[in-house]
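Novice: structure for this input, please:
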Amino acid sequence: MLTQENTGLIIVDVQGKLARIVHESEKMISNLEKLIRGCQILSLPIIYLEQNPNGLGNTVLELKQLLENQKAIEKYTFNAFENDEFKNAVLKTKRKQWLICGIEAHICVYQTAMGLLENNFEVEIVTDCTSSRSKNSIDLALQKMQQKGISLTNVEMCLYELVKDSRNENFRAILGLIK
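Specialist: Numbers count the residues shown, from 1 in each chain. Next up is the predicted model:
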């Protein structure tokens, strides 16, 4: 089970034109907005990544506005855990459970999730906040990650799992996001 004290969020490469052409892009971005807001309400650390921003562009405006107090970590490796700035940011939080989402499921999301898993972190993919250009690539990535021991979740499931109790001081705020 996810715990508020031990969980963080990693957003992978939701950038530029690519973010607008992936499968169900608008739905994914809308779900990501809810997830980011929920993680902010719960005071979870959020790390967001940009793959080669000079080539692919920056994080989409809807998300960048929510993350305005943070700087994206620029990377060129598909597995973000091979990037020292990212690795140090993850280790600095002292969190062992990571929600991962973004694009593309079968490339950077998959390789980053595997990098974390191989370094003894618990990883859950937020499926309704993760996409690729083709549905087949998404399905393949999710299947392969599950086979490797990575769990799947969605926005509503992970936020309620983190809140745990309807008496939690953050329950109403989370409920407002989900409704």
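Novice: identify each buried residue in whichever helix in the chain runs longest, please.
Specialist: For the chain, the helix with the greatest residue count under DSSP state H is helix 25-41. Neighbour-count burial for helix 25-41 flags 25, 28-29, 31-39, 41 (criterion: 16 or more other Cβ atoms under 10 Å). Quick note: C-beta positions are derived from backbone N, CA and C, even for glycine.
Novice: contacts for it?
Specialist: 9, 11, 14, 19, 22, 46, 60, 62-63, 66-67, 99, 101, 103, 126, 128-131, 154-155, 158-159, 162, 170, 173-174, 177-178 (Cβ atoms under 8 Å, 6 or more residues apart in numbering).
Novice: burial check on residue 145, number of neighbours?
Specialist: 24 (other Cβ atoms under 10 Å).
Novice: repeat for residue 75
Specialist: Neighbours of residue 75 (other Cβ under 10 Å): 22.
Novice: could you list the low-pLDDT ranges of the protein?
Specialist: Nowhere does the chain drop to pLDDT under 70.
Novice: try 90 this time
Specialist: 69, 178-179 (pLDDT under 90).
Novice: which parts of the protein are helices?
Specialist: Going by DSSP H, the chain shows helices at 16-21, 25-41, 53-56, 61-66, 84-93, 110-118, 135-147, 155-163, 171-178.
Novice: which elements pack onto the fifth one?
Specialist: So the one you mean is helix 84-93. strand 7-12, strand 46-51, strand 73-75 (3 or more Cβ pairs under 8 Å, 6 or more residues apart in numbering; DSSP states H and E).
Novice: of these, flag the one that's most buried.
Specialist: Stretch with highest mean neighbour count among the helices and strands packed on helix 84-93: strand 7-12 (a mean of 25; mean count of other Cβ atoms under 10 Å).
Novice: tell me the strands beside that strand, with direction?
Specialist: Sheet pairing of strand 7-12 (DSSP bridges) gives strand 46-51 (parallel), strand 97-103 (parallel).
Novice: got these as a markdown table, with distance to residue 111 columns?
Specialist: Shown next, in a markdown table, are those (distance: least, Cβ to Cβ, whole Å):
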| stretch | distance to residue 111 |
| --- | --- |
| strand 46-51 | 11 |
| strand 97-103 | 11 |
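Novice: if we can go back for a sec, which of the helices of the chain sits closest to residue 2?
Specialist: helix 155-163 (4.8 Å; Cβ to Cβ).
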